[in-house]
Structures are given as structure tokens and as C-alpha cells.
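*Asks:* return atomic coordinates for the entry below.
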Amino acid sequence: MNERFEKDSNGMPQYDPAAAHERRMARAAARRRAQQRRRKRRLRLLILCLLALVLLVAAPHLWHRAEQLLYPRKYEQLVDQWAQTYNLDPLLVDAFIRTESGFDSAATSSVDARGLMQMTEETFLWLRSKIAADEDLAFADLYDPDTSIRFGCCYLHLCLERYNGDVATAAAAYHSGWGTVDNLLRMEEHSADGQTLQGFPYSQMNHYVNKITSCYGAYQRIYAGN
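*Replies:* Prediction:
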């Protein structure tokens, strides 16, 4: 029986306008609710798409910024100044500072190496006689960023000059001393040409060289084009 009709007293179907109107209103309300749900779903989808687009556009910048925080150029002006003086790549100097002290100007090692570039007193006094003989500088002055970067850049320049510009060999010398590296260069298993090292047999030296070269590579990639 059609739901719009009811039976009269004789059992014959009878149309009820009020009930039919209520049912039409109910169906219309249901359709509106369904349309509202569809519109909300489409709106949520649009918002998600917009968020995905924003993240897609912003992600490279955010990642690049995060990498810059991990590999900072905290003393950029001083590094650039002394790197230029000693013909060094500033990013290589940053790699040494990050590896040596983590940019902590007050850093002191277990062997009393001091400052951003962690120089021992023996090396400091030797360099002072070469580049600052007429200056009133003491070992404690290595806690000053300018002095530490200046002396560190000079020593790194000498290491690179002594070992034909090879970063890994120079890093090994910076860490372990020229005498240790010179001895290894005399051994064929460690050097084919007697000028650069092909292997680093001591665990601490090997670890240090790997950290320097990896860090330098990261700096070059992050700051490429700067």
C-alpha cells in the first residue's frame, strides 16, 4: 500500500496531506544532511590537498634550514677573514671547528688542547714564534674565538701545504702530528707516493679523518653556491 494513503472506515485508502508533508520534509532534511556531509568531505579533502602542497613546497626549505642548524657557520665573519688570509676554504675551517669543539669557544680537551680549533700549548707556542712573535699572547688566549681561529687556520694551512693539499692527510696530521703522519708515509702499505696517506691505521686517527671529510662534504653540499 502506498505510504501516502491510509484506510478509511470502509477500508478504502485515504490520502493524508499532513503526514505526506512531514515525510517530504523529512526526506528533504535527509538530503540536505547528506549534501552537507559531502560538502564537508570535499572541504576536508581540499584542506588536506592544500596542506600537502604547502608541505611539498616548504619541505625542502625546512630540511635545508634544519641542516644549517646541524652544520652552522657560527663564527662566519672570523672564519671567512682568516680563511682568506691563509688561502683556505672557509667551509673546511667550519668542518674542523665543528669536529674539534662543536663551536664551543671554551672547550678544553683531556690533553689541555684549547679553544674552537683545539690547539695544544706546544703547537701554540711554535706558531706564535712564527706569526705573532711581537704580540703579547698567552696560551689562554686560545679561548678567544679570533685567536683560536687565526692560529688554527694558520696550522691547517701548513698541514695542507706540507701534504700537497690532501684534506684527509692534512686532517690526520692536524690530529696526530706531523711526525706520526711522516712515519706512516714511509710505509708502502699506507702510502703509494710517500706524500699522501691511503689508509689510517690508528682507530682514533681514522675516526677523526672520517669525521672531518664527512663534515666537510656536508658543509659543501648545504652551502653550495653561497
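*Asks:* which parts of the chain are helices?
*Replies:* 17-70, 76-85, 90-101, 121-131, 145-162, 167-176, 178-185, 203-222 (DSSP state H).
*Asks:* switch these over to TSV; also include mean pLDDT and distance to D193.
*Replies:* Every residue, glycine included, has its C-beta placed from N, CA and C. Rendered in TSV, the data for the helices of the chain read as follows (pLDDT from 0 to 100; distance: least, Cβ to Cβ, whole Å):
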stretch	mean pLDDT	distance to D193
helix 17-70	77	35
helix 76-85	98	27
helix 90-101	98	22
helix 121-131	97	26
helix 145-162	98	14
helix 167-176	98	11
helix 178-185	97	9
helix 203-222	97	18
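*Asks:* how about those in TSV, adding distance to G115 and mean neighbour count?
*Replies:* As requested, the helices of the chain are exported to TSV (distance: least, Cβ to Cβ, whole Å; neighbours: other Cβ atoms under 10 Å):
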stretch	distance to G115	mean neighbour count
helix 17-70	22	10
helix 76-85	12	16
helix 90-101	7	24
helix 121-131	9	14
helix 145-162	3	21
helix 167-176	14	24
helix 178-185	20	16
helix 203-222	17	16
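*Asks:* okay, those helices in TSV with distance to R114 next?
*Replies:* Converted to TSV, the helices of the chain look like this (distance: least, Cβ to Cβ, whole Å):
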stretch	distance to R114
helix 17-70	25
helix 76-85	16
helix 90-101	9
helix 121-131	8
helix 145-162	7
helix 167-176	15
helix 178-185	20
helix 203-222	18
